[in-house]
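*Asks:* Okay, sequence plus prediction incoming.
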Amino acid sequence: MSEYSPLWISIKTSITATVIVFFIGIYVAWFMASYKGRARGLLDGILTLPMVLPPTVVGFILLLIIGKNYPIGKLLSGFGINLIFTWFATVIAATVVAFPLMYRTCVGAFSQIDVNVINAARTLGVSEWKIFWKVAVPLAWPGIAAGTVLAFARALGEFGATIMIAGSIPGETQTIPIAIYFAVVAGETGNAIKWVILIFIISLTVMIVSDKWSQKQMFLVSSARRK
Amino acid sequence: MSLEVNITKKLPGFELKVDFKVDNDILGFLGASGSGKSMTLRCIAGIVTPDSGRIVLNGHVLFDSTSKINVPIRKRKVGFLFQNYALFPNMTVEQNIGFGLIKSMSKVEKDHRIKKKIIDLQLAGMEKRYPYQLSGGQQQRVALARALVVDPEILLLDEPFSALDEHLRNSMIVRLMEDLKEFKGTSIFVTHNMEEAYQLCNNIIIIAGGSIDAMGHKDAIFNNPPTLYSAKLTGCKNISKARKAAPNIIEAVDWGCRITFKCEIEGDITYIGIRAHYLEISEEYEAINTFNCWVVFTSEALFRIKVYLKFSEPIGDEKKYHIMWDISKEEWDLVKQNPLPLKIRINPEKVIQIK
C-alpha cells in the first residue's frame, strides 16, 4: 500500500458518493418539490434526518441495517455479499450523510421554478423525462451545482459514520479524515498536518471549479427571473 | 370541432361550477379576478383536476369523474398561452418553438415547421435570441408559435395582454386576431377587460363567483346585459333599483324618476341601467323622459369628462349623485353654458332592463 492511499480512497469515495447522491438527490427533490400529500412533513423529515443526527448515530443505524448479525446483513451475506468494513461501507456512509445537503438545496431550487413553465412544457405533449432533463434541471442548475459541491464536501469530510461501519483499514477503508485522527492519536503531528493541507487543497479546488462551471447557467436563469 | 365542459370544483372561498359548449369559435371568458375563469381554463388543460363532471373535446373524453377518466396534460392536445408566456428561459426562440415537436419527426420536417411559424408570427431574425432579449410582444408571439406548432385542437389564452403596456395592447390585439385566423380550432380567451373581449370574441361567457352569470353573442351581452352583474361588468355605470309602475312605465327607485317606454314591458323588472355616454341633453322643456339634473361634481380625463348628476338640487356640499354622464370635453363646453338644472333625456331605447 502506498503512502498516499488515504488520498485515493477519499477521492474515490467522495466522487462515487457524490455521483450517487446527485442522481438520487435530484429525483427525490423533484418529486418532493411537487408532492403535496399528507405524508409530506414526515417524508421531508426522514430525508433530512442524516444531516441533523450525530454521525455516530447514523453509523450505528447503518450498522443495524447492514451488520452481519442483523436481518438485512444476514440476507446479503446469504448471497455472499459482505459490506461491513469494506470500501463499499465508506461509500454508503458518505452517501447517507451527504444526501440531505443535496436534497434540501435541490428542493429549494426546484420550487423556485415558475410552475407555468413546467405546465407549458406539459401542454406541448413533451414527456416528463424530457421536461425534467431539458427544463427543470437546467432552470434549477445553480442550486443543483451548489448542492453537489456541498454534498461532495460533506462526503470528503465524513468521519463518524465511516469509522463505525467501515473502520480504519489502511489501504482499504482509511480515508483522509480517519488518517488524520489516527495520526494525531499516535502523536504523528507532521503526518496529520500533511493530510490537513491536502484536504484544504482538494476542497478549495472543487469550490473554484464548480463556481466557474455554473456561472453561465446562473446568468441565463437569473436573467429570466429578473423581469 | 367542439368542446363541452360541465365541471365542479371546490375552491377556497367559492365553488366553481360551469357548464357550457362551444363550437369552432372564439369564445370570451369575462370576469373579475378570482371569479374562476382562469381556473376553468386550467381544468380544461388538465393542470387542475375538477372534483366532478365531464370535459369532452372533439369527441374525445378528457375528463369524466363517473368513469374515472383523466387524460394527462400532455395527451390533451391543448394549446395554452400563459399570462406571463412561460417561455423556457434557457432556450433560444427556435429551441422554444421546436421543443414540443416529437422525436420521430425528421430534422428537415422539424426545421420546416419551426421556420414556418417564425415567418407566420413575424419572428424572423430572432431565432437565436433568448427570451430575456425579447420585448413583451415578441415573447407573446414566441409563446403562441410554440403552442401552435404542435397543432393543438383547442387554444386557451389566459389574459394574454395583461402583462403588456397599454400602448402596445391595441396593436397586439389586432395582431392576435390575424394570427388566430390561421388557427382552425376553437379558442377560449380569458380576460377581465371588456374591450378586449368585445374586440376578439364572437360569443361571451360572463363568469362570477365560480358560476356562469350570462352567456351569448357579444352584441346581445353588451347591448342588453341580462343580469345586474353582467351590466356592471360590461361597464354600465348607472344602475338603479326599479319596478314596473304601469305596463309601459318603469320607476327608477334610486333615482326617483319614471321612464316611459313605447310599448308594454314583459315580466318583472328589478333593475334598470343606462350607459354613461347614452345620456342626452334636451332642448325642449317638459319633453317625455326628460329630467331636471343638477351637477354635483365633474372629473376630467384626457379627452372626455365625467359629469356626476343628481335628480334633485344638492344641499350644501353634498357629494351624493344619481347618475354619471360621460361626454367629450367639446360637448361639455357647450352644455355648461345652459342654466341649471340641465334637462337630461334618458332614451328608453338605450335603457338596459334587468329582470
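*Replies:* Thanks, I have the structure now.
*Asks:* Which helix or strand in chain A has the lowest average pLDDT?
*Replies:* helix A:189-225 (a mean of 79; mean pLDDT, DSSP states H and E).
*Asks:* ditto for chain B
*Replies:* helix B:166-182 (a mean of 82).
*Asks:* Give the other helices and strands that that helix contacts.
*Replies:* helix B:136-148, helix B:194-200 (3 or more CB pairs under 8 Å, 6 or more residues apart in numbering or on different chains; DSSP states H and E). Just so you know, the C-beta spots here come from the backbone N, C-alpha and C atoms, and that holds for glycine as well.
*Asks:* so where's the stretch 1-150 of chain B uncertain?
*Replies:* For the stretch 1-150 of chain B, no stretch is flagged by pLDDT under 70.
*Asks:* Helices of that one, start to end?
*Replies:* B:37-45, B:93-98, B:107-120, B:136-148 (DSSP state H, counting those that start in this stretch).
*Asks:* Write out the residues of the stretch 251-355 of chain B neighbouring chain A.
*Replies:* Residues of the stretch 251-355 of chain B lying close to chain A by CB under 8 Å from any CB of the partner chain: none are found.
*Asks:* Name the helix or strand for the residue in the stretch 251-355 of chain B positioned nearest to chain A, please.
*Replies:* Among the residues of the stretch 251-355 of chain B, B:Leu302 lies closest to chain A, at 28.8 Å counting by CB to the nearest CB. Under the criterion of DSSP states H and E, B:Leu302 resides outside all helices and strands.
*Asks:* That one - how many residues pack around it?
*Replies:* For B:Leu302, the neighbour count with other CB atoms under 10 Å in any protein chain shown is 6.
*Asks:* mind checking how far the closest residue to B:Pro50 other than its chain neighbours is from B:Glu330?
*Replies:* Excluding the flanking residues, the one nearest B:Pro50 by CB to CB, 6 or more residues apart in numbering or on different chains is B:Ile7, at 3.9 Å. Note on B:Ile7: its distance to B:Glu330, by CB to CB, to the nearest Å, is 51 Å.
*Asks:* Can you show me the helices along chain A?
*Replies:* Using DSSP state H, the helices of chain A run over A:5-34, A:40-52, A:55-66, A:71-78, A:87-111, A:115-123, A:128-131, A:137-139, A:141-157, A:160-165, A:176-185, A:189-225.
*Asks:* what angle do the last one and helix A:176-185 make?
*Replies:* Using axes from the mean of the first three to the mean of the last three CA atoms, to 10 degrees, the interaxial angle of helix A:189-225 with respect to helix A:176-185 works out to 150 degrees.
*Asks:* just to revisit the earlier point, who's more crowded, B:Ile7 and B:Glu330?
*Replies:* A direct count of neighbours by other CB under 10 Å for B:Ile7 and B:Glu330 places B:Ile7 higher, at 22 against 11.
*Asks:* OK, contacts around that one?
*Replies:* B:Ile7 sits next to B:16-19, B:40, B:43, B:50-55, B:63 when contact means CB atoms under 8 Å, 6 or more residues apart in numbering or on different chains.
*Asks:* how much space between it and A:Ile15?
*Replies:* B:Ile7 sits 52 Å away from A:Ile15, going by CB to CB.
*Asks:* How about B:Val93?
*Replies:* 38 Å.
*Asks:* Could you check which of those two is surrounded by more residues?
*Replies:* Neighbours per residue, other CB under 10 Å: of B:Val93 and A:Ile15, the larger number sits with B:Val93, 26 against 15.
*Asks:* how about that one, what does it touch?
*Replies:* B:118, B:123, B:126-131, B:134, B:142.
*Asks:* returning to that earlier point: moving C-terminal from the least confident helix or strand of chain B, which element do we reach first?
*Replies:* strand B:186-191.
*Asks:* Pairing partners for the one helix or strand B:Leu155 maps to, with directions?
*Replies:* If you go by DSSP H and E, B:Leu155 is part of strand B:154-158. Strand B:154-158 has the following strand partners under DSSP bridges: strand B:78-81 (parallel), strand B:186-191 (parallel).
*Asks:* just these: most buried one?
*Replies:* Ranked by mean neighbour count, the strands paired with strand B:154-158 are led by strand B:78-81 with a mean of 27 (mean count of other CB atoms under 10 Å in any protein chain shown).
*Asks:* Might you report the residue contacts of residue 158?
*Replies:* With no chain named, the answer covers chain A. Counting by CB under 8 Å, 6+ apart, the residues that A:Glu158 touches are A:55, A:90, A:93-94, A:97-98, A:175, A:177.
*Asks:* Chain B was what I was after
*Replies:* B:Asp158 touches B:38, B:41, B:80-83, B:190, counting by CB under 8 Å, 6+ apart.
*Asks:* the strands in the stretch 201-350 of chain B, which residues?
*Replies:* B:203-208, B:211-217, B:238-246, B:249-252, B:257-260, B:271-274, B:280-281, B:290-300, B:304-310, B:323-328, B:342-345 (DSSP state E, counting those that start in this stretch).
*Asks:* Please report the number of neighbouring residues for residue 123.
*Replies:* All of this is about chain A. Using other CB under 10 Å: A:Thr123 sits among 26 other residues.
*Asks:* if you could check chain B rather than the one you did, that'd help
*Replies:* Neighbourhood size, B:Leu123 [other CB under 10 Å]: 21.
*Asks:* do the same with B:Pro348
*Replies:* B:Pro348, neighbours per other CB under 10 Å, totals 20.
*Asks:* how near is the closest residue in space to it that isn't next to it in sequence to B:Lys350?
*Replies:* In this structure, B:Pro348 finds its nearest non-sequential neighbour in B:Phe261, 4.7 Å apart by CB to CB, 6+ apart. For B:Phe261, the distance to B:Lys350 equals 12 Å [CB to CB].
*Asks:* How about B:Lys320?
*Replies:* Distance from B:Lys320 to B:Lys350, by CB to CB: 24 Å.
*Asks:* more crowded one of those two?
*Replies:* Under the neighbour definition other CB under 10 Å, B:Lys320 and B:Lys350 were set side by side, and B:Lys350 has more, 14 against 10.
*Asks:* List the contacts of that one.
*Replies:* Contacts of B:Lys350 by CB under 8 Å, 6+ apart are B:274-275, B:278.
*Asks:* any idea how far the residue nearest the centre of chain A lies from B:Asn238?
*Replies:* Nearest to the mean C-alpha position of chain A, by CA atoms, centre = their mean, lies A:Ala98 at 3.3 Å. Using CB to CB, we find A:Ala98 at a distance of 69 Å from B:Asn238.
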